[in-house]
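[1] need a structure here:
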Amino acid sequence: MTSPGPENKNKFTAQDEPPVLFFREAIIITPREQRIREERAALIDRIRFNPEKSLREAYADLLERSPLQMSDPARAKFIRLQIARCDSVSSDEKREILHEEQAILRKHKASWESVLAPAYACEWDRGFISGVTLKPNDFVALADKGLLALEPISRITNSAVGGSVEESGADLERMLKHPLFRKTVSRLEFLHGGLEAAAMIQRQLPRDSVLREVTFSNYNPEP
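    This next block holds a predicted model:
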């Protein structure tokens, strides 16, 4: 028996299994959905450094009137509850509101925060994530995907451990110079590090950065 020549190696006989074809479902965004995305992004940018509650309420309204696949009534209610608790002057009312908002957060926290993984220890402020803990290389990866811009995050805690700051300096430098970091992060905390990290920030931080506060949680200078 002669083996098939090169010209026959891609031919199928009747006994061969037919090739399996895979089709990727196309994601179609309507003009209305695109407008809502742009409106949400604009509100997030304004909320980040603006304490005005009307912006947060406007975002909650947008979540409710969005098309079904983009709406999130639970998040809208959570935003309004956290705003109401901040505004309330009654201790009893604050406790009642806190009980209700915690019930919502227990149910939805995992899904709301999962988009920011591997970031953790998310800090919630009046219905939005305002701070996260993560490593510099994770910041860059999430920022490049546009995921960190989905929340008005302005506080970053650097959780990198092991080795000197110089050894991880490339990751830190990329984070400090990333456009999203420059425009949005006003407070940076280090769980590890000290003078070396401070010196690196002083050298690498772009002039147009909005960073105004740097803290070191575990810095204990030698006497």
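
[2] C-terminal to the helix or strand harbouring Met175, what's the next element?
    Using DSSP states H and E, the element containing Met175 is helix 169-177. Going down the chain from helix 169-177, the next helix or strand is helix 179-184, by DSSP H and E.

[3] Give me the contacts around the helix or strand just after that next one.
    Counting by DSSP H and E, the next helix or strand C-terminal to helix 179-184 is strand 187-190. Around strand 187-190, the neighbours that count as contacts under C-beta atoms under 8 Å, 6 or more residues apart in numbering are 131, 154-158, 197, 201, 211-217, 219. C-beta: built from backbone N, CA, C; applies to glycine.

[4] then strand 187-190 to CSV, C-alphas only?
    As requested, the backbone C-alpha atoms of strand 187-190 are provided in CSV (Å, rounded to 0.1, in the frame of the first residue of the first chain):
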residue,chain,number,x,y,z
ARG,A,187,-3.7,58.7,47.1
LEU,A,188,-1.2,55.9,47.1
GLU,A,189,-0.4,53.7,50.1
PHE,A,190,2.4,51.1,50.4
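
[5] The following helix or strand past that strand packs against which elements?
    Later in the chain than strand 187-190, the nearest helix or strand by DSSP H and E is helix 195-204. Other helices and strands packing on helix 195-204, by 3 or more C-beta pairs under 8 Å, 6 or more residues apart in numbering; DSSP states H and E, are helix 169-177, strand 213-216.
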